[in-house]
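Asker: sequence and predicted structure below; questions after.
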Amino acid sequence: MPRLRQTEHSEEYKTLAADGSILDDTNYCPVIVTAILCGTDFRTADAALRRQGRKFRRGASTSMVRKAMEELGYKMTFVSTRDFIDQHYPPRYANAFRTVTTHHPRRMGAAWKDGHNYLLVTAGHFAAVVNGQVHDWAINRSLRVNFIYRVEKI
């Protein structure tokens, strides 16, 4: 496939990343993901994650993110990567995909614009997909997605 052009980060991501920098926090991708997918601000998402065990300047586990989202009124539903590929991509493409990366929402945007929000879990990182748009610094990287979760309001 042809190389994708570099794209700008979303305004939501820029705002939340600036909030994290102002608070002198690092490793705040779980905070940003929680804020974007739950529609809250940085401080609210950070407080929810802190109550679940996230330490200052540290990341968080998937279970911490799940519990924080439940506290904020959202639930995460596991979606098998293979099922996601088979369900969302035409058969001629589905057979070619073995994994999903953070580039797929840009490459196959229509498949990701299904009205759901997704949490992408990579090795040591989280990314948010809302209406087919990746809200993360990884928008210009091809990180292999290990797990996909559909995030819905309870």
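Answerer: Thanks, I have it. Numbering: from 1, shown residues only.
Asker: which residues touch Tyr28?
Answerer: 17, 20, 42, 46 (CB atoms under 8 Å, 6 or more residues apart in numbering). C-betas here are computed from N, CA, C, even on glycine.
Asker: model confidence score at the third one, please.
Answerer: Residue-level confidence at Phe42 comes out at 95, pLDDT.
Asker: in this structure it contacts Lys14, no?
Answerer: No - in this structure Phe42 lies outside contact range of Lys14 using CB atoms under 8 Å: 11.9 Å.
Asker: neighbour count: the two, which is higher?
Answerer: More neighbours surround Phe42 than the other of Phe42 and Lys14, with 21 against 12 (other CB atoms under 10 Å).
Asker: now the more buried one. Nearest residue, chain neighbours left out?
Answerer: The spatially closest residue to Phe42, leaving aside those adjacent along the chain, is Asp19, at 3.7 Å (CB to CB, 6 or more residues apart in numbering).
Asker: what number of residues lie near that neighbour?
Answerer: Asp19: 19 neighbours (other CB under 10 Å).
Asker: tell me which helix or strand it sits in.
Answerer: Element membership of Asp19, judged by DSSP states H and E, is helix 11-22.
Asker: tabulate the CA atom coordinates of that helix in CSV.
Answerer: Output in CSV follows, covering the C-alpha atoms of helix 11-22 (Å, rounded to 0.1, in the frame of the first residue of the first chain):
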residue,chain,number,x,y,z
GLU,A,11,-7.7,19.6,18.1
GLU,A,12,-9.1,17.5,21.0
TYR,A,13,-5.8,15.7,21.3
LYS,A,14,-3.8,18.9,21.1
THR,A,15,-5.9,20.5,23.9
LEU,A,16,-5.6,17.5,26.2
ALA,A,17,-1.9,17.1,25.6
ALA,A,18,-1.4,20.7,26.4
ASP,A,19,-3.3,20.2,29.7
GLY,A,20,-1.1,17.3,30.5
SER,A,21,2.0,19.4,29.8
ILE,A,22,0.8,22.3,31.9
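Asker: and it, which residues are buried?
Answerer: By 16 or more other CB atoms under 10 Å, the buried positions in helix 11-22 come out as 12-13, 16-17, 19-20.
Asker: of those, which is the nearest to Gln6?
Answerer: Of all those, Tyr13 has the smallest distance to Gln6: 14.7 Å, by CB to CB.
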